[in-house]
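Undergrad: 3D, please:
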Amino acid sequence: MKASAAETPLRLFNTLTREVGDFAPDISPDVGMYSCGPTVYADQHIGNMRTYVFADTLKRTLTWKGFRVRHVINITDVGHLTSDADVGDDKLELAARREHRSAWAIAERYTRDFKSDIARLRIVEPEIWCKATDHIPQMIRFAEELDASGWCYLLPSGLYFDTSKDPTYGELARLDLTGQQAGARVEVVEGKRHAPDFAVWRTSAPGEVRQMEWDSPWGRGAPGWHLECSVMSIEYLGRHFDVHTGGVDHIPVHHTNEIAQSQAYLADRLPWVRWWLHGEFINLRGAKISKSAGGGILVSDLIDRGYHPLVYRYLLLQAHYRSQTEFGWPAMDAARTGLRRLIDRFASARTRRAQRLGAFAAAHLAAFDRAVCDDLNTPRAIAVVTAASRDDRLTDADLTALADEFDAVLGIGLADLTPSDLDMRRRDAQITPAEVEALLEERSAARLAREFARSDAIRAELAAAGVTVEDQSGGTSTWHWT
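TA: Residues are numbered from 1 along each chain as shown. Okay, the predicted model is just below:
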């Protein structure tokens, strides 16, 4: 453990307790961490990716503080329906029909794309990837144990968990079960005893043939979505583990149901998971980014517009993971400018790192430590990085050492990128992003001076080079490759 990183205790917000507390794993320094992975029926949009940048920041911080993290991310390649409920089409089956390909091919393609995107965002790969379809026997055994212990009941549509038998059901989400009615995110299923009851195993309807279905004691069908994460997390992290992460949208249904069935299965009255951490949404013009809302911007779309993926990571880190934040092209432009300035300063000082930090550098590192240990306060951490980059008292060796330390947590390229690396130039373009920015500044000045002929000429010059300019309110402009 780094001496500097050991000085401040790591404090995190636990959704289960609604409190910030000192983090300590059950068996220090080992940390078991599970993150709900993607449902691979389509490419993951940038809203999805915020959840994984947050989880990565947590893992990086834990590692930087000297913990040994065993991180598991699942791939949901079966079982997740078109809502968080237990009715409708399986997302993989629906995508297979839409694209006229097998569900297995759909899952393979979008798993590959997801792994490519997390690499672009410098998200550290988990120690273990696990696919739902590789663990069907374990899921059936888990469900059999629940059924034999009296936690479930059988309907023609499948095996359901009886939430009324769990006096603690809904504690994570602070659910008001007395007023909960079927509908919204609680589906209407004929024969269900209680509105929040959920499917542990979904039985295929008579005459229905799915690409992904298996024989079980309750009929041929597929596992419930919630069952998958319970089974795979216990498989690789043990009966109890330290940290479970996901997006805030998982709190009221998915994670609540995971807890209920896992605690019932374990039957030892100990908390299944001690720490629950959730990341907030990123909004597009005030609306949560989601495919259903038509806001499916991808990492590849950012690159096509000339943004390095780490610019998006930097934009995300400028907001606290528990705060909603806004996405927009002007915000991306500002993030690109800010990140380029930081990288320019640290790259210009890059040399052999100091073996022992000077007093001023040590003060910056201590301030950075305090920031990230304050429930991953990355906005404050970035402010510390900015202050260090402007501190003329620091030697190049100190700056190099600090870049290594800062980047171990933030992962934004301070230790190895150069400003030119941020220029995501289209392969066939005859102009660089830096040249585009310079011409846009000139065009802005021309517009202010009401030299509209010059402004139009610059726009035409950029269009000929394959650049589309979009004027925004307030006199600003954004651009992307045509």
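Undergrad: Hmm, V243 and V273 touching each other?
TA: Yes. Look at V273 against V243 with CB atoms under 8 Å: they come within range, at 7.2 Å. Where you see a C-beta, it was placed from the backbone N, CA and C, and this is true even at glycine.
Undergrad: Are there residues contacting both of the two? Which ones?
TA: Shared contacts of V273 and V243, defined by CB atoms under 8 Å, 6 or more residues apart in numbering, are found at Y34.
Undergrad: Just the CA atoms from stretch 374-384 would do, formatted as PDB, please.
TA: C-alpha atoms of stretch 374-384 as PDB (Å, rounded to 0.1, in the frame of the first residue of the first chain):
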ATOM      1  CA  ASP A 374     -14.500  11.400   0.000                       C
ATOM      2  CA  ASP A 375     -17.000   9.100  -1.700                       C
ATOM      3  CA  LEU A 376     -15.000   9.200  -5.000                       C
ATOM      4  CA  ASN A 377     -15.200  13.000  -5.300                       C
ATOM      5  CA  THR A 378     -13.700  13.200  -8.800                       C
ATOM      6  CA  PRO A 379     -14.700  16.800  -9.500                       C
ATOM      7  CA  ARG A 380     -12.600  17.900  -6.500                       C
ATOM      8  CA  ALA A 381      -9.800  15.500  -7.500                       C
ATOM      9  CA  ILE A 382      -9.700  17.000 -11.000                       C
ATOM     10  CA  ALA A 383      -9.400  20.500  -9.300                       C
ATOM     11  CA  VAL A 384      -6.400  19.200  -7.400                       C
END
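Undergrad: and that stretch, which residues are buried?
TA: Buried residues in stretch 374-384, counted by 16 or more other CB atoms under 10 Å: 374-378, 380-382, 384.
Undergrad: cool, and stretch 200-209?
TA: 200-204.
Undergrad: That one: how far from the chain's middle?
TA: 32 Å (CA atoms, centre = their mean, to the nearest Å).
Undergrad: Report whether the expected contact of D375 with D22 is present.
TA: No. D375 lies out of contact with D22 (CB under 8 Å); the separation is 11.1 Å.
Undergrad: Name the residues contacting each of these two.
TA: When contacts are counted by CB under 8 Å, 6+ apart, D375 and D22 have R11 as shared neighbours.
Undergrad: in the stretch 1-150 of the chain, which spans are helices?
TA: Shown for the stretch 1-150 of the chain, the helices assigned by DSSP state H, counting those that start in this stretch span residues 3-6, 46-64, 91-99, 103-120, 136-148.
Undergrad: right, and the ones you listed - which one's nearest I282?
TA: Proximity to I282, assessed across the helices of the stretch 1-150 of the chain by CB to CB, is greatest for helix 46-64 (4.9 Å).
Undergrad: can you give me the angle that closest one makes with helix 103-120?
TA: On the basis of axes from the mean of the first three to the mean of the last three CA atoms, to 10 degrees, helix 46-64 is oriented at 60 degrees to helix 103-120.
Undergrad: how near is the residue lying closest to S420 once chain neighbours are set aside to A446?
TA: In space, and not counting its chain neighbours, S420 is closest to A434: 7.8 Å by CB to CB, 6 or more residues apart in numbering. Going from A434 to A446 by CB to CB, to the nearest Å gives 19 Å.
Undergrad: Between those two, which is the more surrounded one?
TA: A446 (17 against 14; other CB atoms under 10 Å).
Undergrad: correct me, but the more buried one touches D456?
TA: No. A446 is beyond contact range of D456, at 9.0 Å (criterion: CB under 8 Å).
Undergrad: quick one: low-confidence ranges for the protein?
TA: Scanning the chain for pLDDT under 70 picks out 1-6, 81-88, 177-188, 286-295, 425-429, 473-474, 482.
Undergrad: now do 80
TA: 1-7, 79-89, 175-188, 208-209, 284-295, 423-434, 472-476, 478-482 (pLDDT under 80).
Undergrad: what does the domain assignment say about it?
TA: Annotated domains of the chain cover 3-282, 305-422, 433-481 [automatic domain parsing].
Undergrad: which one is R120 nearest to, not counting chain neighbours?
TA: Nearest non-adjacent residue to R120, counting by CB to CB, 6+ apart: P309, 4.1 Å away.
Undergrad: Tell me how many other residues surround that neighbour.
TA: Neighbour number of P309 under other CB under 10 Å is 21.
Undergrad: got it, and V69?
TA: 21.
Undergrad: which residues does it bridge with?
TA: Using DSSP bridges, the bridge partners assigned to V69 are V31.
Undergrad: my guess is it meets D56, correct?
TA: No. Contact criterion CB under 8 Å: V69 and D56 do not qualify, at 10.9 Å.
Undergrad: And the strands in the stretch 301-450 of the chain, which stretches?
TA: 325-327 (DSSP state E, counting those that start in this stretch).
Undergrad: Quick one: name whatever helix or strand follows the helix or strand encompassing D242.
TA: Using DSSP states H and E, D242 falls within strand 241-247. Heading C-terminal from strand 241-247, the first helix or strand you meet, by DSSP H and E, is helix 256-266.
Undergrad: what about that following helix, distance to the chain center?
TA: Helix 256-266 sits 23 Å away from the centroid of its parent chain (CA atoms, centre = their mean).
Undergrad: CA atoms only for the helix or strand that it is followed by, dumped as PDB, please.
TA: Sequence-wise, the next helix or strand downstream of helix 256-266 (DSSP H and E) is strand 273-279. Below are the C-alpha coordinates for strand 273-279, written out as PDB (Å, rounded to 0.1, in the frame of the first residue of the first chain):
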ATOM      1  CA  VAL A 273     -23.600  -8.000   0.100                       C
ATOM      2  CA  ARG A 274     -22.400  -5.300   2.600                       C
ATOM      3  CA  TRP A 275     -21.800  -2.400   0.200                       C
ATOM      4  CA  TRP A 276     -24.200  -1.300  -2.600                       C
ATOM      5  CA  LEU A 277     -23.000   1.500  -4.800                       C
ATOM      6  CA  HIS A 278     -25.000   3.100  -7.600                       C
ATOM      7  CA  GLY A 279     -24.200   5.500 -10.400                       C
END
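Undergrad: what's whatever helix or strand comes next after strand 273-279 packed up against?
TA: Reading on from strand 273-279 to the C-terminus, the next helix or strand found by DSSP H and E is strand 282-284. Judged by 3 or more CB pairs under 8 Å, 6 or more residues apart in numbering; DSSP states H and E, strand 282-284 is in contact with helix 46-64, strand 325-327.
Undergrad: Output these in TSV, with distance to A354 and mean neighbour count appended to each entry.
TA: Below are the helices and strands packed on strand 282-284 laid out as TSV (distance: least, CB to CB, whole Å; neighbours: other CB atoms under 10 Å):
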stretch	distance to A354	mean neighbour count
helix 46-64	18	24
strand 325-327	35	17
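Undergrad: Let me know which of these is the nearest to T400.
TA: T400 sits nearest to helix 46-64 of all the helices and strands packed on strand 282-284, at 17.1 Å, using CB to CB.
Undergrad: Between strand 241-247 and that closest one, find me the angle.
TA: Using the same axes, to 10 degrees: helix 46-64 against strand 241-247 is 150 degrees.
Undergrad: quick one, helix 46-64 and strand 273-279 angle?
TA: Using the same axes, to 10 degrees: helix 46-64 against strand 273-279 is 130 degrees.
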